[in-house]
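S.K.: Need coordinates for the following:
(chains A, B, C and D)
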Number of protein chains: 4
Amino acid sequence: MSKSIKKIGVLTSGGDSPGMNAAIRSVVRTCAYHQIECIGIYRGYQGMIEGDFKEMGPRSVNNIVNKGGTILKSARSKEFMTVEGRQKAHQNLVNSGVDALVVIGGDGSFTGAEVFNAEFDFPVMGIPGTIDNDIFGTSHTLGYDTALNTVVDVIDKIRDTASSHNRLFFVEVMGRDAGHIALNAGIGAGAEEILIPEEDLGLERLLDSLKKSKASGKSSSIVVIAEGDKIGKNVFELKDYVEANLPEYDVRVSVLGHMQRGGAPSCFDRVLASRYGVKAVESLLEGKSNFMVGLLADKVALTPLEQAIKGRSEIDRELLRVSDIMTT
Amino acid sequence: MSKSIKKIGVLTSGGDSPGMNAAIRSVVRTCAYHQIECIGIYRGYQGMIEGDFKEMGPRSVNNIVNKGGTILKSARSKEFMTVEGRQKAHQNLVNSGVDALVVIGGDGSFTGAEVFNAEFDFPVMGIPGTIDNDIFGTSHTLGYDTALNTVVDVIDKIRDTASSHNRLFFVEVMGRDAGHIALNAGIGAGAEEILIPEEDLGLERLLDSLKKSKASGKSSSIVVIAEGDKIGKNVFELKDYVEANLPEYDVRVSVLGHMQRGGAPSCFDRVLASRYGVKAVESLLEGKSNFMVGLLADKVALTPLEQAIKGRSEIDRELLRVSDIMTT
Amino acid sequence: MSKSIKKIGVLTSGGDSPGMNAAIRSVVRTCAYHQIECIGIYRGYQGMIEGDFKEMGPRSVNNIVNKGGTILKSARSKEFMTVEGRQKAHQNLVNSGVDALVVIGGDGSFTGAEVFNAEFDFPVMGIPGTIDNDIFGTSHTLGYDTALNTVVDVIDKIRDTASSHNRLFFVEVMGRDAGHIALNAGIGAGAEEILIPEEDLGLERLLDSLKKSKASGKSSSIVVIAEGDKIGKNVFELKDYVEANLPEYDVRVSVLGHMQRGGAPSCFDRVLASRYGVKAVESLLEGKSNFMVGLLADKVALTPLEQAIKGRSEIDRELLRVSDIMTT
Amino acid sequence: MSKSIKKIGVLTSGGDSPGMNAAIRSVVRTCAYHQIECIGIYRGYQGMIEGDFKEMGPRSVNNIVNKGGTILKSARSKEFMTVEGRQKAHQNLVNSGVDALVVIGGDGSFTGAEVFNAEFDFPVMGIPGTIDNDIFGTSHTLGYDTALNTVVDVIDKIRDTASSHNRLFFVEVMGRDAGHIALNAGIGAGAEEILIPEEDLGLERLLDSLKKSKASGKSSSIVVIAEGDKIGKNVFELKDYVEANLPEYDVRVSVLGHMQRGGAPSCFDRVLASRYGVKAVESLLEGKSNFMVGLLADKVALTPLEQAIKGRSEIDRELLRVSDIMTT
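M.R.: Residues are numbered from 1 along each chain as shown, chains lettered A, B, ... in the order given. Next up is the predicted model:
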């Protein structure tokens, strides 16, 4: 264990995701376990600049393991993108005796952490928290599993009404750059077609698929569409296009939106958050810095922050094939 | 008991709602209990015209009490709006020996039933099934209670992310003509403001309310808006308006849409559906016709279909006041 | 409005139930709305004796409308059953300037309130909070609707495994003196038989019913049993009895227990709690005392505490009949 | 692809688990995708003996991906443990033209499959379906992830009432030989102590832990106990023991039981089931036999049935440590 670290700061940054509170709890309790202090930093980097800090002990994080959102709040900070902002933030940490930082967030948050580390040689450790699962160096980001359950639960409800009316539904889910949610939730919800940013199926293929589905005797259909799909039309334009070309279909659109970020975390996300928090704190105590904690082949492992930021989280090709077969 | 009724037909019509299956089950089993036959009619009035019938016994409705949607499917039928269509439908009923009809649906479905009854002197009984609760003669339509739970559950999730980011959310819920869902779910979800078709609060009042909410120290806000609110702007225009006038707010929009119609019915809706089915069948057997079954002051009671169609389901003024007080 | 009341105390007592927090929130905000003060009393009457008080303003109750349990905690107090205990409690209220009391709880809690009122002429108002719905003067106690949903949700899960294995399940639900939960959740979950304290069906009837169910072609069966049923055997003895007499059945037992008290309240319970809180505070301000707020024929109404305590909440006979018909 | 396989039979056996239906659906659709036939075998090996078969096409498995239980039903078969029974079963398969078998179940079911394969050189492939996750050769059995979510959801509810009353709860979860559910759900639910079959903490340690928890300022505690824990007392005896030794605690017991087997599968289990079904069928078509499909380091992989049966699924030691740290 490194002697130098006596106090760790923890913050959440970027879009919130279920499991962030469980990760905060884990960081706080792992600090207590190793008898070092812990400081909660409110509103991400902005709170770091403003010195919005609070001492946290094991009892500060009672009864939050199952809560969505983040008790430390999150915010975007333009000021932190400036040298002056980061200097203020650094001075606040120094003044408060904080020796190291755990940053729970996504790509953008990690970029901030990396720059901060480079400028002040300040120990930082990242924990991936975003529902999109679009981060290299981990098979699972915090909140992703919960979001999948939220999405299939909602599509199950939509299926009730779709099959009662023999309708076609287009369901837009989150994922600007990554189709993980769309692909997995699409398979899980029994979608007839799935459109993701990683693949451009083309409009013809979509029409063919819907025709085939009708011909095969299916009375209703769900198409799951990632926000960032490459088909070149937004979900409402797509509805118009399909209705113009397949008049036998009565298309309805549902944009799931922000509800996907909320809710009590799944057991998987709670356990993962607990594991990530332990690893993040103990890695800092071992003198490591500038890494992201992640899950690789079921083991908690470290990836350099730089790689986590630059790398690309690939879609699972096996799943694309499974999806094809399931829509037989 | 009337001697003449030996076989009852049951159909679902209009938008589906949770509890319709429980009502079908109740109609079928009440027929069996009284040793008369029961015929399921698929796809509402359209299936009646096409003779899409199926004999149903007590075991045909096993394991559906908890299922959303309707196993009999629903559809809108233009043909049933013509005399010819209705004559075909009537002939099919006569040919199949059906003596009376239970129609599960909303206003439009009841209008169809009333016309059919007038033309052919055919016994009909209505069961109100719609999530909007916009039907006169009952405090609760089937599916309304379930939809309220779905909506508060989703807003609870949105609240997680709203309060993590200090954001303002506009959540649009169903209710073109009636604000029941918005008002009740708004109170239930702790909304800061509720916009319903029955009241035009005006844009100024909304801005005032949001300013007051900010000033009172609330860090996030949810505004629940019924589809049919009278404020003269759709929810996206409203977002633009508020952001232009209250730049301190970062507004997000969530349109809940069709998911509100689906899902396993609440216990309340299952029990209510069971009671409605018994009352509908037994009222027909007692020789009554042209009524809607409903809940009035906690008792199952009959209202003439004509009144149910023409009457207006009023919003509860006490609730408006409760809502005001809760946003203190 | 009575001039004399400037500060109201609120406490929760007895078994907790979903909706208690929403009721606390409503009491606190209604006080703020009328510009009077509000004091939260922790751990029921015990906290009143120990002076465990906290000032509460509208922001103290942010984000609790959807939380199960009670933020004021609950406890049983033997000391409050003594004159000395109650004198201490009264002195604490006087010292803190509390003029009136809202007690959220069940029968026992109301008895305490009534005695306290009688001894010190201290204004009290009761809000019925218990999942059992066993209180006279209201059709719905807080938490009852939520508990019904919890129970049918669990039985839906048990039904999955029951019907996969053609098994018979005995499910014990709460209700020592009242069968409301068992009867409603039993109908809602499609139970084949329901045993409640209000009726002694007798063991023979149970065996007959199970035989009939088997003969009718049902492959699995759920029997819902209230804790306090009068059949003279506990649920495990009942299992042995049935297996001895109907060897074709493989009986499993599930005792649902305390989970029935927890969970996020349903929309119904949240709205009801909001209405009850407003009525309780405003009734005190109007100079009323010694009443319980309740729901009668869908309207919020007052019942003298004495009647609420002595009266008996009757089971709905219509529902017993509906239950019979549903098991056809 | 092997030429010889033209028709595959699929069955579910042993205790049911969420995801079995999704696996059946995947097997059926993968067969259709490869243009071979598929037969559903009802009630596991017993139905194989009785010839209780049904042809299944892609539309036979519509709308089951999200259903708990198994549409093919499950049963234990004593007759299949005899040579005569297995011969009858084999003859039925031959008569129906079934060339290969997919068995969805646990240890016992795989033993049956292995014997059947050995006796008749009949191609078999196993898919692990059990909530206990106690099978060697896979990190996840079907239903395990869903059961974890069910358990934490219930404990969240129990926590509401535990913390309202400052009580200690003992919650017994499934797991006769394996503590996977207890350990993961215990961490996920924030349990203060977790008792599993793999470790004998001893009664002293439990008492110490509870004393420490009280001293640390925790007002309520949850202890999660696997059915098969080695502490030498059942959960009710444990309650008596703790109450005798720690009179400051008021202990309540909750035995979760069969509800853990039911419910709509999580997205994870639905996707996993889809992947398993594809792999099982395609492995048979490639001429492989006598394997179990499983998830190893996030990849779908085969393990010889013999190893799957004899091997032992180990508890994750890292998780035990995480659990210790979390209860700081």
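
S.K.: close to chain B, is stretch A:258-275?
M.R.: Yes - Stretch A:258-275 reaches chain B (C-beta under 8 Å from any C-beta of the partner chain) through A:258, A:259, A:261, A:262, A:263. The C-beta positions use only the backbone N, C-alpha and C, and glycine is treated the same way.

S.K.: show me where the stretch 151-300 of chain A has strands.
M.R.: A:168-173, A:193-195, A:221-226, A:251-255, A:291-296, A:299-304 (DSSP state E, counting those that start in this stretch).

S.K.: can the first one be found next to chain D?
M.R.: This points to strand A:168-173. No - contact of strand A:168-173 with chain D is not found when judged by C-beta under 8 Å from any C-beta; the minimum separation is 11.6 Å.

S.K.: would you turn the strands of the stretch 151-300 of chain A into a markdown table with distance to residue D:42?
M.R.: What follows is the strands of the stretch 151-300 of chain A, written out as a markdown table (distance: least, C-beta to C-beta, whole Å):
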| stretch | distance to residue D:42 |
| --- | --- |
| strand A:168-173 | 33 |
| strand A:193-195 | 32 |
| strand A:221-226 | 29 |
| strand A:251-255 | 37 |
| strand A:291-296 | 39 |
| strand A:299-304 | 41 |
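
S.K.: can you tell me which of those comes nearest to residue B:62?
M.R.: For those, the distance to residue B:62 is smallest for strand A:221-226, at 26.3 Å, taking C-beta to C-beta.

S.K.: Who are the packing partners of the closest one?
M.R.: In terms of contact count using 3 or more C-beta pairs under 8 Å, 6 or more residues apart in numbering or on different chains; DSSP states H and E, strand A:221-226 is assigned the packing partners helix A:144-165, strand A:168-173, helix A:180-188, strand A:193-195, helix A:203-215.

S.K.: CA-only coordinates of it, as CSV, when you get a sec.
M.R.: The C-alpha trace of strand A:221-226 is given here as CSV (Å, rounded to 0.1, in the frame of the first residue of the first chain):
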residue,chain,number,x,y,z
SER,A,221,-43.9,-6.2,-35.0
ILE,A,222,-41.5,-4.2,-33.0
VAL,A,223,-38.5,-2.5,-34.6
VAL,A,224,-35.9,-1.3,-32.1
ILE,A,225,-33.8,1.6,-33.3
ALA,A,226,-30.7,3.1,-31.6
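
S.K.: So what touches it?
M.R.: If you take C-beta atoms under 8 Å, 6 or more residues apart in numbering or on different chains as the criterion, strand A:221-226 is touched by A:155, A:158-159, A:162, A:168-176, A:178-179, A:181-182, A:185-186, A:189-197, A:206, A:210, A:213-214, A:235, A:238, A:249.

S.K.: next one: that strand to chain centre, how far?
M.R.: 20 Å (C-alpha atoms, centre = their mean, to the nearest Å).

S.K.: same check, this time on stretch A:93-112
M.R.: Its chain's C-alpha centre and that of stretch A:93-112 lie 18 Å apart, by C-alpha atoms, centre = their mean.

S.K.: tell me which residues of it are tucked away?
M.R.: Neighbour-count burial for stretch A:93-112 flags A:93, A:98-112 (criterion: 16 or more other C-beta atoms under 10 Å in any protein chain shown).

S.K.: quick one: is that stretch near chain B?
M.R.: No - using C-beta under 8 Å from any C-beta, stretch A:93-112 never reaches chain B; the gap is at least 11.7 Å.

S.K.: what about that stretch, start to end distance?
M.R.: In stretch A:93-112, first residue to last residue: 15 Å (C-alpha to C-alpha, to the nearest Å).

S.K.: wait, does that stretch make contact with chain D?
M.R.: No - counting by C-beta under 8 Å from any C-beta, chain D has no neighbours in stretch A:93-112; the shortest distance is 14.7 Å.

S.K.: Just the mean pLDDT for that stretch, thanks.
M.R.: Taken as a whole, stretch A:93-112 carries a mean pLDDT of 97.

S.K.: Give me the distance between the residue in the stretch 201-328 of chain A that chain C sits nearest to and residue C:186.
M.R.: The stretch 201-328 of chain A approaches chain C most closely through residue A:264 (9.1 Å), counting by C-beta to the nearest C-beta. Noted for residue A:264: a distance of 28 Å to residue C:186, by C-beta to C-beta, to the nearest Å.

S.K.: what do you get for residue A:222?
M.R.: Going from residue A:222 to residue C:186 by C-beta to C-beta gives 34 Å.

S.K.: low-scoring stretches of chain A, by residue?
M.R.: Along chain A, the parts satisfying pLDDT under 70 run over A:1-3.

S.K.: sorry, back to before: tell me the spacing between the residue of the stretch 201-328 of chain A closest to chain C and residue C:88.
M.R.: Distance from residue A:264 to residue C:88, by C-beta to C-beta: 41 Å.

S.K.: so how many other residues sit close to residue A:83?
M.R.: Other residues near residue A:83 number 9, with proximity taken as other C-beta atoms under 10 Å in any protein chain shown.

S.K.: Same list (the helices and strands packed on strand A:221-226) but as a markdown table, adding distance to residue B:269 and mean neighbour count.
M.R.: Converted to a markdown table, the helices and strands packed on strand A:221-226 look like this (distance: least, C-beta to C-beta, whole Å; neighbours: other C-beta atoms under 10 Å in any protein chain shown):
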| stretch | distance to residue B:269 | mean neighbour count |
| --- | --- | --- |
| helix A:144-165 | 13 | 26 |
| strand A:168-173 | 23 | 26 |
| helix A:180-188 | 26 | 29 |
| strand A:193-195 | 32 | 26 |
| helix A:203-215 | 31 | 15 |
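
S.K.: Compare these and give me the one nearest residue D:140.
M.R.: Once the helices and strands packed on strand A:221-226 are compared by C-beta to C-beta, helix A:144-165 is nearest, at 12.2 Å.

S.K.: anything in the closest one near chain C?
M.R.: No - Helix A:144-165 does not reach chain C (C-beta under 8 Å from any C-beta); its nearest approach is 12.9 Å.

S.K.: centre of the chain versus that helix, how much separation?
M.R.: Taking C-alpha atoms, centre = their mean, one finds the center of helix A:144-165 at 19 Å from the center of the full chain.

S.K.: which residue packs closest to residue A:175, ignoring adjacent ones?
M.R.: For residue A:175, ignoring the flanking residues on the chain, the nearest one in space by C-beta to C-beta, 6 or more residues apart in numbering or on different chains is residue A:226 at 3.9 Å.

S.K.: so that neighbour bridges to which residues?
M.R.: Assessed by DSSP bridges, residue A:226 has beta-bridge partners residue A:173.

S.K.: do you know how far it is from chain D?
M.R.: Distance, residue A:226 to chain D, using C-beta to the nearest C-beta, to the nearest Å: 15 Å.
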